[in-house]
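In: quick one, fold the following:
(one chain, ligands or ions: 3)
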Amino acid sequence: MRTILTSGQIRQADEYTITHEPIASVDLMERAARAFVDEFAKRYPQKKLTIALYCGTGNNGGDGLAIARLLYERGYQEVKVTVAHFGSRSTNDFDENLRRLRSRPIPLKEISSAVEVGTEDSDIIIDALLGTGLNKPISGDFELLVKKLNDIRKPVVSVDIPTGFFADEEIPENAACIKSELTITFQQPKINFLLPESFPAVKEWVAVDIGLDQQFIQQLGSPYQYIQAEDVKAMLKKRERFSNKGSYGHALIVAGQPETMGAALLCSAACVHAGAGLTTAYIPQSGLFALNSYMPEIMAIVRDPKSFTQISWSKFSGLAIGPGLGQDDEALTLLKLVTAHFQKPMVVDADALNVLAKYKELWRFLPKGSILTPHMKEFDRLFGEHKNWRQRVETARQWAQERELFIVLKNTYTIIATPEGKVYFNSTGNPAMATGGMGDVLTGVISALLSQNYTPAEACLAGVYVHGLAGDELALPDQRHVVLPHKVAEHVPVVLTKLMA
Ligand SMILES: NC(=O)C1=CN([C@@H]2O[C@H](COP(=O)(O)OP(=O)(O)OC[C@H]3O[C@@H](n4cnc5c(N)ncnc54)[C@H](O)[C@@H]3O)[C@@H](O)[C@H]2O)[C@@H](O)CC1
Ligand SMILES: Nc1ncnc2c1ncn2[C@@H]1O[C@H](COP(=O)(O)OP(=O)(O)O)[C@@H](O)[C@H]1O
Ligand SMILES: [K+]
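Out: Ligands and ions are numbered 1, 2, ... in the order given. Below is the predicted model:
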């Protein structure tokens with residue numbers, strides 16, 4: 001896991017590293033600047049580029065001055081620097097870097113108001129005005145300068161965070177900020193980079209390691225984590241030589257209506273591909289033909305009232321309810337039936353979530369450790385309207401803790417809130433996956449993992465990661481516009497094999 005800290009915690013980690021490594025703070029700044037320049041040089045290797053750095057007078061500005069010097073030393077000869085003295089005092093490391101910069105033949109202009117900025121015709125702008133020290137929305141000269149830089153419509157690369165961007169608190173409405181093409185951020189993504197509001201301020205980000213003390217970072221106990229491949233690799237279990245289908249559990253997928261059988265098929269098929277020993281779909285009579293012709297590996301129980309009393313619930317080790325289920329009386333009956341008889345953690349998705357939103361008294365029947373997989377609209381139906389994603393993250397965290405459930409809030413960086421109060425952000429997935437049926441596949445994958453005896457936490461974390469990775473492997477190499485959910489399901493075994501290699 002990569003721990004995600006708030007700006008305040010990052011400052012603590014900086015201070016701890018400075019005292020205990022030990023390293024002088026100006027040397028830590030130099031290390032950060034070097035890490036920035038390494039990444040910048042990879043992305044923009046043309047040494048003839050004209051580069052304009054805009055620096056504030058805090059440590060973000062200090063980084064900018066060090067970056068200008070290091071770029072020059074790397075052979076970027078067309079670098080120039082503008083320092084914005086807009087009121088805030090300068091830091092010692094800024095002063096030291098200004099002294100170092102002055103000994104180089106790099107053009108330096110110091111301004112005390114935004115109107116002094118002339119026409120800007122450089123190829124690239126590096127934004128080092130303000131970083132994590134931001135404590136209120138920018139206004140006055142900062143706002144004017146930011147507006148000017150945005151209006152130039154040249155690519156902007158931000159140092160650590162775009163100037164004016166709130167890294168981890170709720171972003172105030174209409175707060176002005178730099179719209180960066182790329183943000184090269186120190187040590188870890190900032191929480192708000194992982195939420196939709198960050199776009200277009202943060203079109204793309206990359207985190208570069210500046211060697212902050214890892215032990216100290218762990219000890220800060222941040223609830224926010226960013227899932228990495230190693231975490232999922234450590235969870236996955238290989239299939240044993242003397243195993244049989246009984247070793248991998250039996251999943252029941254309660255899904256589908258005559259008009260939405262596709263959802264049931266995609267979910268059940270994904271469950272088969274993700275390795276459930278047996279998969280049974282609990283579907284309407286009219287869906288039987290489609291099911292049998294789509295995938296013969298899936299078994300069926302036909303959903304007539306007689307069946308309600310005939311299911312032997314204990315033989316299922318995993319269960320999902322919801323994809324394409326509808327929200328009529330039958331859906332309500334099924335949700336009641338399932339929660340009354342199935343005592344293990346289950347996956348609740350799609351229409352079952354909408355039913356749950358309408359009949360709040362059903363909450364208390366959900367087995368502890370169950371996994372809710374809402375997208376944004378389902379989430380707001382369950383928990384009320386939210387003004388922004390930062391609020392959704394906190395609602396998910398509170399509810400998951402209070403109800404002892406896992407909430408998988410599907411998004412670009414899917415958010416997983418756990419009963420322990422942790423919040424994980426998924427690092428896989430891409431916009432080609434934004435197509436109907438993709439969530440049904442995710443539900444199938446998670447229920448397959450539950451039926452194979454993975455813990456609910458493992459099923460959520462590994463499930464979302466694997467699902468996103470399958471989508472990435474299909475879409476990213478040749479930049480596909482769209483990937484189809486059934487292809488993602490079919491690719492899940494390939495991804496699992498690679499992760500277990
Ligand atoms: N040793 C360290 O602490 C390190 C810090 N680093 C850099 O330091 C940055 C943080 O530096 P600072 O804490 O000096 O802060 P900034 O450089 O982000 O901001 C400077 C000052 O601007 C003022 N300010 C805040 N909001 C404002 C607003 N809306 N309008 C006008 N002024 C405002 C604040 O008083 C703040 O201290 C990071 O983003 C990173 O770039 C890196 O060099 C790595 C090491
Ligand atoms: N831009 C994106 N980046 C990453 N993942 C995405 C993106 N768009 C969609 N996804 C993933 O695709 C799935 C869509 O789920 P959902 O909206 O429930 O689809 P459906 O209801 O049609 O089955 C989620 O797992 C989501 O994380
Ligand atoms: K910045």
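
In: centroid-wise, who is the farthest residue in this protein?
Out: Lys306 (43.8 Å; CA atoms, centre = their mean).

In: chain center to the helix or strand containing that one, what's the gap?
Out: Element membership of Lys306, judged by DSSP states H and E, is helix 305-310. Distance of helix 305-310 from its chain centroid, counting by CA atoms, centre = their mean, to the nearest Å, is 41 Å.

In: just stretch 413-420 next, same as before
Out: With CA atoms, centre = their mean as the basis, stretch 413-420 stands 10 Å off its chain's centre.

In: that stretch: which residues count as buried?
Out: The neighbour-count check on stretch 413-420 (16 or more other CB atoms under 10 Å) flags Tyr413, Thr414, Ile415, Ile416, Ala417, Thr418, Pro419 as buried. Placement of C-beta: from N, CA and C, glycine included.

In: and for stretch 335-346?
Out: Buried residues in stretch 335-346, counted by 16+ other CB under 10 Å: Leu335, Leu337, Val338, Thr339, Phe342, Lys344, Pro345, Met346.

In: give the contact list for Asp160.
Out: Asn60, Asp63, Gly131, Thr132, Thr183, Ile184, Thr185, Phe186 (CB atoms under 8 Å, 6 or more residues apart in numbering).

In: what about the helices in the stretch 101-250 of the chain?
Out: Under the criterion DSSP state H, counting those that start in this stretch, the stretch 101-250 of the chain contains helices at 140-152, 214-219, 229-235.

In: pick the most deeply packed of these.
Out: Most buried of the helices of the stretch 101-250 of the chain, by mean neighbour count (mean count of other CB atoms under 10 Å): helix 140-152, with a mean of 18.

In: can you pull out the strands in the stretch 351-500 of the chain?
Out: 371-372, 406-409, 415-417, 423-425 (DSSP state E, counting those that start in this stretch).

In: any chance of these in CSV, plus distance to ligand 3 and mean pLDDT?
Out: Output for the strands of the stretch 351-500 of the chain, formatted as CSV (distance: least, CB to the ion, whole Å; pLDDT from 0 to 100):
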stretch, distance to ligand 3, mean pLDDT
strand 371-372, 37, 98
strand 406-409, 29, 98
strand 415-417, 26, 98
strand 423-425, 22, 98
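
In: wait, which of those is closest to ligand 2?
Out: Proximity to ligand 2 (CB to the nearest ligand atom) singles out strand 406-409 among the strands of the stretch 351-500 of the chain, at 8.2 Å.

In: identify the residues contacting the closest one?
Out: With contacts defined as CB under 8 Å, 6+ apart, strand 406-409 is touched by 369-376, 379, 392-393, 396, 399-400, 414-419, 442, 446, 456-457, 460, 464.

In: pairing partners for it, with directions?
Out: Paired with strand 406-409 in the same sheet, following DSSP bridges, are strand 371-372 (parallel), strand 415-417 (antiparallel).

In: chain center to it: distance?
Out: With CA atoms, centre = their mean, you get 13 Å for strand 406-409.

In: stretch 377-389 too?
Out: Using CA atoms, centre = their mean, the offset of stretch 377-389 from its chain centre is 18 Å.

In: quick one on the thing from earlier: greatest separation within the buried residues of stretch 335-346: which pair is it?
Out: Greatest spatial distance in the buried residues of stretch 335-346: Leu337 and Pro345, 17.0 Å, computed using CB to CB.

In: tell me which element Ala269 falls in.
Out: Short version, using DSSP H and E: Ala269 is in helix 261-273.

In: need the contact partners of the helix or strand just after that helix.
Out: Going down the chain from helix 261-273, the next helix or strand is strand 278-283, by DSSP H and E. Identification of contacts with strand 278-283 by CB under 8 Å, 6+ apart yields 245, 248-256, 261, 264-265, 268, 271-272, 287, 291, 297-303, 307, 311, 316, 334, 448.

In: give me the buried entries from those.
Out: Counted by 16+ other CB under 10 Å, those give 248-256, 261, 264-265, 268, 271-272, 287, 291, 298, 300, 303, 311, 316, 334, 448 as buried.

In: show me the contacts for the residue in the stretch 401-501 of the chain that ligand 2 sits nearest to.
Out: The stretch 401-501 of the chain approaches ligand 2 most closely through Gly439 (2.1 Å), counting by CB to the nearest ligand atom. Residues near Gly439 by CB under 8 Å, 6+ apart: Pro323, Asp349, Ala350, Thr373, His375, Lys410.

In: recalculate using a threshold of 10 Å.
Out: 263, 266-267, 322-323, 349-350, 373-375, 378, 408, 410, 433, 467, 485 (CB atoms under 10 Å, 6 or more residues apart in numbering).

In: distance between stretch 3-10 and the chain's centre?
Out: On CA atoms, centre = their mean, the centre of stretch 3-10 falls 16 Å from that of its chain.

In: let me see the ranges of the strands in the stretch 51-200 of the chain.
Out: 51-55, 79-84, 108-111, 124-128, 156-159, 182-186.

In: for Gly8, which of those is the nearest?
Out: In terms of CB to CB, the element of the strands of the stretch 51-200 of the chain nearest to Gly8 is strand 182-186, at 14.8 Å.

In: do that closest one and ligand 1 meet at all?
Out: Yes - remark: strand 182-186 sits within contact range of ligand 1 at Phe186, by CB under 6 Å from any ligand atom.

In: angle of that strand against strand 124-128?
Out: 30 degrees (axes from the mean of the first three to the mean of the last three CA atoms, to 10 degrees).

In: bridging residues for the nearest residue to Gly61 once chain neighbours are set aside?
Out: Closest residue in space to Gly61, ignoring its immediate chain neighbours: Cys55 at 3.8 Å, by CB to CB, 6 or more residues apart in numbering. Cys55 has these beta-bridge partners by DSSP bridges: Val83, Ala128.

In: cool, and Ile415?
Out: Going by DSSP bridges, Ile415 forms beta bridges with Leu409, Phe425.

In: looking at it, it is touching Leu461, isn't it?
Out: No - if you go by CB atoms under 10 Å, Ile415 and Leu461 don't touch, sitting 11.7 Å apart.

In: shared neighbours, these two?
Out: Joint contacts of Ile415 and Leu461 (CB under 10 Å, 6+ apart) are Val408, Tyr424, Asn426.

In: now those as a markdown table including neighbour count and distance to ligand 1?
Out: Shown next, in a markdown table, are those (neighbours: other CB atoms under 10 Å; distance: CB to the nearest ligand atom, whole Å):
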| residue | neighbour count | distance to ligand 1 |
| --- | --- | --- |
| Val408 | 30 | 32 |
| Tyr424 | 26 | 25 |
| Asn426 | 25 | 25 |
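
In: following element in sequence after the helix or strand of the chain with the lowest mean pLDDT, please.
Out: The helix or strand of the chain with the poorest confidence is helix 305-310; it has a mean of 92 (mean pLDDT, DSSP states H and E). For helix 305-310, the following helix or strand on the C-terminal side (DSSP H and E) is strand 318-321.

In: who does that next one pair up with?
Out: In the sheet, strand 318-321 lines up with strand 250-254 (parallel), strand 347-348 (parallel) (DSSP bridges).

In: show me what counts as buried in stretch 363-375.
Out: Leu366, Pro367, Gly369, Ser370, Ile371, Leu372, Thr373, Pro374, His375.

In: just to revisit the earlier point, Gln215 is nearest to which of the strands paired with strand 406-409?
Out: strand 415-417 (25.0 Å).

In: and ligand 2, is the closest one touching that?
Out: No - using CB under 6 Å from any ligand atom, strand 415-417 stays clear of ligand 2, with a minimum separation of 9.6 Å.

In: list the contacts of that strand.
Out: Here strand 415-417 has contacts from 194-195, 223-225, 227, 371-373, 379, 389, 392-401, 405-410, 422-426, 457, 460-461, 463-465, using CB under 10 Å, 6+ apart.
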